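Undergrad: With the sequence up front, the predicted model follows.
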Amino acid sequence: MWIENGTVTIDPVVLANRAIASMDLDPIKIGIVPESAPNRAGLVGLPVWMWVDQPTDDTFGPITASASEGTVSVTATAKVSSILWNMGDGTKITCTGKGTPYADHYGKQASPNCGHRYAKMSDDQPDGAYQVTASSHWVVEWTGGGQSGTIEFDLTTDPLPIRIGEAQVLTH
């Protein structure tokens, strides 16, 4: 807030940030095949599928909240515009939308909208363990107090370990 001509004025950006804070936004829950579990592994060259698992208003949006002080009220709507997947092998993939959850009937098909293939085993990951993270890019449109604007920020998941192995083919 600031004082102008003896009148206390509320900064709408402050209220927009207050509205965003009240949304209690969280990073997405990672959906990925191969799954991150003991005795689960993918293979070099086979498709990896990534998606937003069980999306909610506070992990993917859209979600709307308001904040007021005095006569000034601001309404903000937040939603994820893209997700940057860091695959742990130096590859970063940007996907828009939630991705497609994998189902067994897809077999060895590549994901139609958010996937990756590990090309070869890395010397940095001799045991085939890769740490995958997903950064949600949030875009918040706000309006109020005679102003409007956009606030953007990222929320990143904790690293999720997945294992990728190599199949060795023997011929006689």
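TA: Arrived safely.

Undergrad: Helices of this protein, residue ranges please.
TA: 12-23 (DSSP state H).

Undergrad: Give me the residue at the spatial middle of this protein.
TA: In the chain, the centroid-proximal residue (CA atoms, centre = their mean) is Ser136; its distance is 2.7 Å.

Undergrad: who's in contact with that one?
TA: 27-28, 59-60, 80, 83, 154-156 (CB atoms under 8 Å, 6 or more residues apart in numbering). For glycine as for every other residue, the C-beta is placed from the backbone atoms N, C-alpha and C.

Undergrad: mind running it again at 10 Å?
TA: 25-28, 52, 59-61, 79-84, 153-157 (CB atoms under 10 Å, 6 or more residues apart in numbering).

Undergrad: Could you do Asn113 as well?
TA: Asn113 neighbours (CB under 10 Å, 6+ apart): 49-51, 95-100.

Undergrad: one more time with 8 Å, if that's ok
TA: Contacts of Asn113 (CB under 8 Å, 6+ apart): 95, 97, 99-100.

Undergrad: looking at these, which has the most residues close by?
TA: Highest neighbour count within the contacts of Asn113, by other CB atoms under 10 Å: Gly99, with 25 neighbours.

Undergrad: so how far is Lys29 from the nearest residue to that residue once chain neighbours are set aside?
TA: Using CB to CB, 6 or more residues apart in numbering and skipping residues adjacent in sequence, the residue nearest Gly99 is Trp51, 3.2 Å away. In this view, Trp51 and Lys29 are 10 Å apart by CB to CB, to the nearest Å.

Undergrad: Neighbour count: the two, which is higher?
TA: Neighbour totals were compared for Trp51 and Lys29, and Trp51 leads with 24 against 16 (other CB under 10 Å).

Undergrad: For stretch 103-114, list every residue counted as buried.
TA: 111, 114 (16 or more other CB atoms under 10 Å).

Undergrad: ends of it, how far apart?
TA: Across stretch 103-114, the terminal residues are separated by 14 Å (CA to CA, to the nearest Å).

Undergrad: which residues touch Leu15?
TA: Here Leu15 is in contact with 67-69, 72-74, 144-145 (criterion: CB under 8 Å, 6+ apart).

Undergrad: which regions of the protein lie under the pLDDT threshold?
TA: 1-8, 121-127, 167-172 (pLDDT under 70).

Undergrad: mind listing the strands for it?
TA: For the chain, the strands defined by DSSP state E occupy 2-4, 7-9, 29-33, 42-43, 47-53, 63-69, 72-86, 92-95, 115-117, 129-144, 147-156, 160-165.

Undergrad: Could you say which one of those strands comes nearest to Arg18?
TA: With CB to CB, the closest approach to Arg18 among those belongs to strand 63-69: 4.0 Å.
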